[in-house]
Every structure is written in structure tokens, then in C-alpha cells.
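Novice: Please find the sequence and the predicted model below.
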Amino acid sequence: MITYELRLPKDINSFRRSVGWYELSERQLACAQNNSVFAITALDGGKEVGSARIVGDGGYQFFISDVIVRPEYQRMGIGSGMLKRLMDCALSAADEGETIMINLMSAKDKEPFYESLGFMRRPNDERGSGMTRFLTKEQK
């Protein structure tokens, strides 16, 4: 049975490697740990099998980041389970009558998954597309 804990996994880079993402430095991992507004880890017994987190201002703007489910556990509802719980956490930060905004950048071809959770594609008639830029600081 899959269970969920509101925390980051013990080895974030293990998750990142499992889906072909680059590793983070120790400094970056500490920043992720210290600056996540909410984080969740999915477990199969004692094995960490999924992870996701939210960064943001804690009141209005939230950004879902680093949604990862180990490949052998994908398509089992774990990603949906994590995101529903994280969205509940974000909504709990709002007072009655307030609206919050939850954003994300979908991995390629994962848009239908996020649409199934109520997210809208951009661009659309009202909003432009999301954008990303990666910067690498050169070594001296």
C-alpha cells in the first residue's frame, strides 16, 4: 500500500536520476529543503517511490515543482495522490473566500496528466505560454 508523508525524500538526486534529470549540488539540495513551502514523499513500505514539492510565497502564488515518480511505479495513481495532497496543503494556507494560484511547468507530453487534475494548457485565449530559462554559472 502506498502512503504519503509531508516531507522531501532522503535522496532527491536518486529520484532525479531515475527519470533522467541532472543532479543538484549539496547547496542546491539544502536550498530546496529549506525553501519548499510544502513537500510530499510517496512510500511503498519503507521505499521512497515518489516526490513532489511546492515553492511560492505561501499566501497566493504556489508553483508545483519536481514531480517525480520512479519509472517502475508510474501509472499507479501515485503522482495524482501526491498532487491532490499538495494542492490541499496550498489551499489550507488561504482564508475563506480567498483564491490561490497554483502553477507548474509540465514535462513534455505530460500535459494530459495535469489536465486530469484541473490544470489548463497555456497558451490559451486568456493567458500566454509559460517560459523557462536555464542558466549555468561558469567555473573559474
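Specialist: Received the coordinates, thanks.
Novice: quick one, what contacts the residue nearest to the spatial centre of the chain?
Specialist: Nearest to the mean C-alpha position of the chain, counting by Cα atoms, centre = their mean, stands residue 65 at 3.2 Å. By Cβ atoms under 8 Å, 6 or more residues apart in numbering, the residues touching residue 65 are 52-55, 104. C-betas here are computed from N, CA, C, even on glycine.
Novice: just residue 19 next, same as before
Specialist: By Cβ under 8 Å, 6+ apart, the neighbours of residue 19 are 68, 70-71.
Novice: Return the set of residues that bridge with the residue nearest to the centre of the chain.
Specialist: Counting by DSSP bridges, residue 65 forms beta bridges with residue 53.
Novice: measure it to residue 138 for me?
Specialist: 25 Å (Cβ to Cβ, to the nearest Å).
Novice: and the longest helix for this protein?
Specialist: Taking DSSP state H as the assignment, the helix of the chain that covers the most residues is helix 78-92.
Novice: Quick one: list the elements packing against that one.
Specialist: When contacts are defined as 3 or more Cβ pairs under 8 Å, 6 or more residues apart in numbering; DSSP states H and E, helix 78-92 packs onto strand 2-5, strand 38-44, strand 47-56, strand 61-69.
Novice: what does that helix rub up against?
Specialist: Under Cβ under 8 Å, 6+ apart, the answer for helix 78-92 is 2, 4, 6, 37-38, 40, 42, 49-54, 56, 62, 64, 67, 69, 100, 102, 113, 116-117.
Novice: Can you list the helices and strands that the helix or strand following it packs against?
Specialist: Under the assignment DSSP states H and E, the closest C-terminal helix or strand after helix 78-92 is strand 101-104. With contacts taken as 3+ Cβ pairs under 8 Å, 6+ apart, strand 101-104 sits against strand 61-69.
Novice: If anything else comes up later, I'll come back, but that's it for now.
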